[in-house]
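>>> Need the 3D shape of this:
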Amino acid sequence: MAFEQEQKAALRILEGIENGTMSAADSSALVEEADPTLVYLIFTWLRAHYGPDDPASDAVIGRLVAISNRPAVAKLAKVGQTDPVVEWFEDAYSYRKLGSKEFIELVVEKLEG
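Just a heads-up that it's a prediction; the model follows:
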């Protein structure tokens, strides 16, 4: 059950930023409770999916920046970047080729496994 809850929480963070369904404060609160590696991977997935050619990129990246500018969140992402799970993911997968649900399932399974 905890595994499913982790996936739901992670997907809520990703979709909250992606779809703008949560305020920056609400998103930040969830992010600050999340695993640092998960935070880094979610932020990187969002950046990969919302490049300059995407019409939604200004909004999505704007929300991401608003959350990332909080010192606690920035520190979490930086810590997460050095986790071996990031190297595993980046060696084996492409951020752009995975949809949000598939990405979250894969990453949470690896982090919880």
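
>>> contact partners of the longest helix along the chain?
Looking across the chain with DSSP state H, the single longest helix is helix 2-19. Helix 2-19 has contacts (CB atoms under 8 Å, 6 or more residues apart in numbering) with 21-22, 26-27, 30-31, 33-34, 38-39, 42, 45-46, 49-50, 60, 63-64, 67, 100-101, 103-105, 107-109, 111-112. Where you see a C-beta, it was placed from the backbone N, CA and C, and this is true even at glycine.

>>> Helix or strand next in line after that helix, which one?
Per DSSP states H and E, the first helix or strand lying C-terminal to helix 2-19 is helix 24-33.

>>> The residue sitting nearest the centre point of the chain - nearest residue in space that isn't next to it in sequence?
For the chain, residue 42 is the residue whose C-alpha lies nearest the centre (CA atoms, centre = their mean; 1.6 Å). Closest residue to residue 42 apart from its sequence neighbours, by CB to CB, 6 or more residues apart in numbering: residue 14 at 5.1 Å.

>>> count of neighbours near that neighbour?
22 (other CB atoms under 10 Å).

>>> same deal with residue 57?
Neighbourhood size, residue 57 [other CB under 10 Å]: 16.

>>> Check which helix or strand residue 102 maps to.
Assigned by DSSP H and E, residue 102 belongs to helix 100-112.

>>> So for that helix, what gets flagged as buried?
100, 103-105, 107-108, 111 (16 or more other CB atoms under 10 Å).

>>> Under the pLDDT cut-off, which ranges of this protein? List them.
1 (pLDDT under 70).

>>> contacting residues around the helix or strand that contains residue 64?
Using DSSP H and E, residue 64 sits in helix 57-68. Helix 57-68 is contacted from outside by 17-18, 20, 24, 27-28, 31, 43, 46-47, 50-51, 54, 73-74, 77, using CB under 8 Å, 6+ apart.
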